[in-house]
Structure formats: structure tokens, C-alpha cells
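Asks: Predicted coordinates and the sequence they were generated for:
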Amino acid sequence: RLYDIRYIGSSFVTSAGFMMYNDVGPIFLQAELMGSAYRNEFLMSGYKNLSDATQLMQESYLILEIPVNAGIKIDDFKLGLGPVMEFLLDADSDWSRLSDYRNRIRPMDFSFQFMAGYNIGVLHIDIKYINKFSSLAESFQLGEDIMKYNRSANRLMLGLGLAF
């Protein structure tokens, strides 16, 4: 392999959706349904079909996320954890410009989240760390090269919700 691929970052993830919340004494359950959009960016150099210049390669995603948290609630503070299911709604990739690109985007993916939150009446303020199970480069393959990039698109998220 005579080319170099470097991950340079991701855009902010923007999400909007619905939340269901229920607490029974010190235990709570919170489920959400959200549409989320984000973009990953890579720098690529030395690839056979491109000029010698470094190319910016972008991947854009629109996903439906279903996070579910369960945990403990003490007064208005809550600590929880749980799975996140992700369903691909749309994707666009600059990698597809390359002749030997192979799309390996999964229609469904999973993550796990840890959450700390605070409720002020009907307002829920949550901070979540989402640990994605798949790596950044699992969505594509170039020829027979399997990308062995072990970094995943983990993220820290601030959520604001209203409960009715």
C-alpha cells in the first residue's frame, strides 16, 4: 500500500427527536428517538487515481438513533447507561469517486452510552458519552485493502429535553 489516509475529525453531531422518561422511586428509564446528522473528514495522499496532492475526503451520514438509558435517580440528579441502536437513513461519501471503492456501510450499527443528567422540573439536561462499537474506516474498502483503523467515532453529547 503506497498511500496514506489520516482521520482529521468529525463535525458536531446535530440531533432532534423525542424522549420518553419514567421514574419509579430511585430508578429511571429514558428512551429517545432522534434523527442525527454528522460528517467525518479524512486526508488522503499518494493514491493511484488521484493527483499527488493531498485530498480531503468526507463522509456525511443521516441516521435514526434509538438510545435507551436506565439508572438511578437521586433527587434531581440521574446516572444511567444503556445501548444505542443506529439505523442508516442516508450516506454520501467522497470515497465513491475512486474506481476501486467498496461500500461497507452497515444499515444498522450499535453503540453504548453513559449518562449523567439533571432535571429542573420538565427540563432534562443530559451529558452523554457514546462509545461506538465500529471503527471509523469500517464503512469503506479500497480494492482488497481492508482498513485496520482502530479508532471509533466516540462522542460527548449535551442533550436538552422537555418532558410533558
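Replies: Done, it's in.
Asks: Can you find the helix or strand in the chain with the smallest mean pLDDT?
Replies: Lowest mean confidence among the helices and strands of the chain (mean pLDDT, DSSP states H and E): strand 140-142, at a mean of 67.
Asks: What's the first helix or strand after that strand?
Replies: The helix or strand immediately downstream of strand 140-142 is strand 155-162, counting by DSSP states H and E.
Asks: so what's residue 93 bridging to?
Replies: With DSSP bridges applied, residue 93 shows beta-bridge pairing to residue 59.
Asks: Tell me the spacing between it and residue 87.
Replies: Between residue 93 and residue 87 the computed distance is 18 Å (Cβ to Cβ, to the nearest Å). Backbone N, C-alpha and C define where each C-beta goes, glycine included.
Asks: Between the two, which is the more surrounded one?
Replies: Neighbours were counted for residue 93 and for residue 87 using other Cβ atoms under 10 Å; residue 93 has more, 18 against 12.
Asks: That one reaches residue 42, doesn't it?
Replies: No - the criterion here is Cβ atoms under 8 Å, and residue 93 misses it with residue 42 at 10.2 Å.
Asks: overlap in contacts of the two?
Replies: Counting by Cβ atoms under 8 Å, 6 or more residues apart in numbering, the shared contacts of residue 93 and residue 42 are 57, 58, 59.
Asks: Buried ones among those?
Replies: 57, 59 (16 or more other Cβ atoms under 10 Å).
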